[in-house]
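Trainee: What follows is a predicted protein model with its sequence.
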Amino acid sequence: MSDPTDTPPEATTEAKAGDGNIARQVGRRRTFAIISHPDAGKTTLTEKLLLFGGAIQMAGTVKARKSGRHATSDWLEVEKQRGISVASSVMQFTYGDCVINLLDTPGHQDFSEDTYRVLTAVDAAVMVVDAAKGVEAQTIKLLEVCRLRNTPIITFINKMDREVRDPLEVLDEIESVLKIHCAPVTWPIGMGKRFVGVYHLLNDEVMRFTPGEERADGEVEILRGAEIDRLRATCSQEFDQMRDETELVKGAGASFHLEDFLKGKQSPVFFGSGINNFGVREILQALIDWAPPPQPREAIVGNLGANGESRMVAPDEANFTGFVFKIQANMDPNHRDRIAFFRVCSGEYTPGMKVKHRRTGKEMKIANAVVFMANERSRMDDAFAGDIIGIHNHGQLQIGDVLTESEMLTYKGIPYFAPDLFSRARLRDPLKSKQLNKGLRELGEEGAIQVFAPLVDSTLLLGAVGQLQFEVVEHRLKAEYGVDAVFERAGIHTARWVTCDNAAHLAEFVKAQQQRLARDVDENLVYLADNRVNLSLAMERWPRVKFHNTREHGQTL
Ligand code: G4P
């Protein structure tokens, strides 16, 4: 831990290099998420990574926590025991000399906004593809988000123990649909009942798969030279096919280049079977060897808003900074405290440290941050860039909020997306309208749903990306705020945040369109369009007004 006198509170706004320890600690960090379409094997892979990383002792620990993927009722039941989902949202463990932070992303597509935000907090991602199904809808969406920040992606093609699709075809599909070059690192020898193992293209080794004899620590038998020839004699057809395919792959120039991977242009590809512990250690090794440690992040310095100057904040700067990317209500409904998931971007966290809350300008003491070990919550003693700390608060912290030791800055790239679904909450008991508004505002700040206050109507409008969000909010309103409300579909097609560089023109627009305007949680002006035609007419009629389909968290437009 560094000497507290290294970072005086009156540090200037200029970047100040941290001590060597910060740089060393940052270099050890790997922070990533696993992305996949439901059922491809994300939970299984997570569990095996934790098992081999020594973070859990027994398979089944994570699986037991997995929220119901299909039934709403299951999901709500699990979500009620909120402590569980809090604990499994971030998992930290050490592997070799590295400190690995694995961030969970919600499996259900209705919570994709939450997933997008989690992806803003990682430095790399592992993409799991079901070898029988290839690229699926949710993977396409998630990869688009990764591309926004050029996040490096490691690909794991799973379920090779089954009769699956031709591996060349799957790779082709990844390249054409996801628009990312593939660099196979391992290549399957056979599949299903005839799955013999994988050939490691870089090491010229065969990793042997022996069904039913997999080791609990994920180690596999490695064959070289004459040992490979002996195995080939027993399954020449599978070997010949592998040779032909790898020749083709090599001929196509798809060899691995670290720089292309780090730029998010090329993905190293591994084949395996998560459930059989096969190919999982190679993913961990790739994370350690190739995935980047925390990188510099762009931040706007000084005043809030898009016009401030920006600079890259290096992870080993002495000044502690970071941002909130997720808020989760805590498990105890009697104390409405929340946990803010905070990604450290620079400096060092130490218990009890004083920081400034960028949005409000107030000073805060972070005394009780928690680190999320795989199966328990424990007090955090220190944290560095790449680490996620959980900060208890009573609603002071919102998504996108920055905490900083000295320099005032705002991190970019934590978006709100224009919702596709809109509802109005109708109270069964009209006397509860105050509680309803309070509940909706708080849930809106938490990011569970987007809340809009129409300019000419007092009924709050709710916007969501997925239907399940409404159901969760309805449930939480009842459980946490004692409000019995039903949601009715509102006849709105989409929303756009509006800005205009001319105040008089904007005022004219607001006057003419007030029936269709609302304010979001941060008081930004939003245009609610009944249909597509209505939106394009408004855009045509008011050419100086800008209509945005995303906006950044913590930023007033
Ligand atoms: P998800 O989190 O991406 O939704 O997927 P999950 O890990 O839950 O895996 C989905 C299903 O695929 C599970 O079967 C799991 O056992 C299976 N699976 C995962 N990896 C492999 C693999 O390498 N080979 C094979 N053959 N199957 C695999 P399930 O029947 O839904 O659940 P369970 O009864 O097995 O727990």
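Mentor: Here it is on my side, so go on.

Trainee: confidence score at Ser2?
Mentor: Note on Ser2: pLDDT of 37.

Trainee: Likewise for the one 3 residues further on?
Mentor: Thr5 carries a pLDDT value of 36.

Trainee: hmm, the helix or strand harbouring Ala286 in reach of the ligand?
Mentor: In this structure, Ala286 sits in helix 280-289 according to DSSP states H and E. No - on the criterion C-beta under 6 Å from any ligand atom, helix 280-289 is out of touch with the ligand, staying 9.5 Å away. (Glycine included, C-beta is placed from N, CA and C.)

Trainee: Report the mean per-residue pLDDT for that helix.
Mentor: Mean pLDDT, computed over helix 280-289, is 96.

Trainee: May I ask which helix or strand encompasses Val126?
Mentor: Per DSSP H and E, Val126 falls inside strand 124-130.

Trainee: Beyond that strand, next helix or strand please.
Mentor: Criterion used, DSSP H and E; the element after strand 124-130 is helix 137-148.

Trainee: got the CA positions of that following helix in CSV?
Mentor: Once non-C-alpha atoms are left out, helix 137-148 reads as follows in CSV (Å, rounded to 0.1, in the frame of the first residue of the first chain):
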residue,chain,number,x,y,z
ALA,A,137,-29.0,-12.8,-31.8
GLN,A,138,-27.8,-11.7,-28.3
THR,A,139,-24.2,-12.2,-29.2
ILE,A,140,-24.5,-9.9,-32.2
LYS,A,141,-25.9,-7.1,-30.0
LEU,A,142,-23.3,-7.6,-27.3
LEU,A,143,-20.5,-7.5,-29.7
GLU,A,144,-21.8,-4.3,-31.2
VAL,A,145,-21.4,-2.8,-27.7
CYS,A,146,-17.9,-4.2,-27.3
ARG,A,147,-17.0,-2.6,-30.7
LEU,A,148,-18.0,0.8,-29.4
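
Trainee: What pairs with the following helix or strand past it, parallel or antiparallel?
Mentor: Going down the chain from helix 137-148, the next helix or strand is strand 153-158, by DSSP H and E. Paired strands of strand 153-158, with direction, are strand 124-130 (parallel), strand 266-271 (parallel) (DSSP bridges).

Trainee: Need the contact partners of the shortest one.
Mentor: When contacts are taken as C-beta atoms under 8 Å, 6 or more residues apart in numbering, the neighbours of strand 266-271 outside the stretch itself are 127, 131, 152-157, 160, 167, 171, 174, 180-188, 198, 256-257, 260-261, 279, 282-283, 286, 290.

Trainee: What residues does this structure have near the ligand?
Mentor: 36, 38-44, 69, 107, 158-159, 161-162, 273-276.

Trainee: buried stuff in the helix holding Ala286?
Mentor: Buried residues in helix 280-289, counted by 16 or more other C-beta atoms under 10 Å: 280-284, 286-287.

Trainee: List the buried residues of the next helix or strand after that helix.
Mentor: Counting by DSSP H and E, the next helix or strand C-terminal to helix 280-289 is strand 297-301. Buried residues in strand 297-301, defined by neighbour count with 16+ other C-beta under 10 Å: 297, 299-300.

Trainee: wait, which of the residues you listed is closest to Asn531?
Mentor: Ile300 (35.4 Å; C-beta to C-beta).

Trainee: Would you agree the closest one is in contact with Lys412?
Mentor: Yes - with contact defined as C-beta atoms under 8 Å, Ile300 reaches Lys412; the gap is 6.4 Å.

Trainee: where do the contact lists of those two overlap?
Mentor: Taking C-beta under 8 Å, 6+ apart as the contact rule, the neighbours common to Ile300 and Lys412 are Ser310.

Trainee: related to what we said a few turns ago, could the buried residues of helix 280-289 go into CSV alongside distance to Leu119?
Mentor: As requested, the buried residues of helix 280-289 are exported to CSV (distance: C-beta to C-beta, whole Å):
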residue, distance to Leu119
Val280, 22
Arg281, 25
Glu282, 23
Ile283, 18
Leu284, 20
Ala286, 19
Leu287, 16
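
Trainee: and which of those residues is nearest the ligand?
Mentor: The nearest member of the buried residues of helix 280-289 to the ligand, counting by C-beta to the nearest ligand atom, is Val280 at 9.5 Å.

Trainee: ok, for the closest one, nearest residue in space, not its chain neighbours?
Mentor: Lys48 (4.5 Å; C-beta to C-beta, 6 or more residues apart in numbering).
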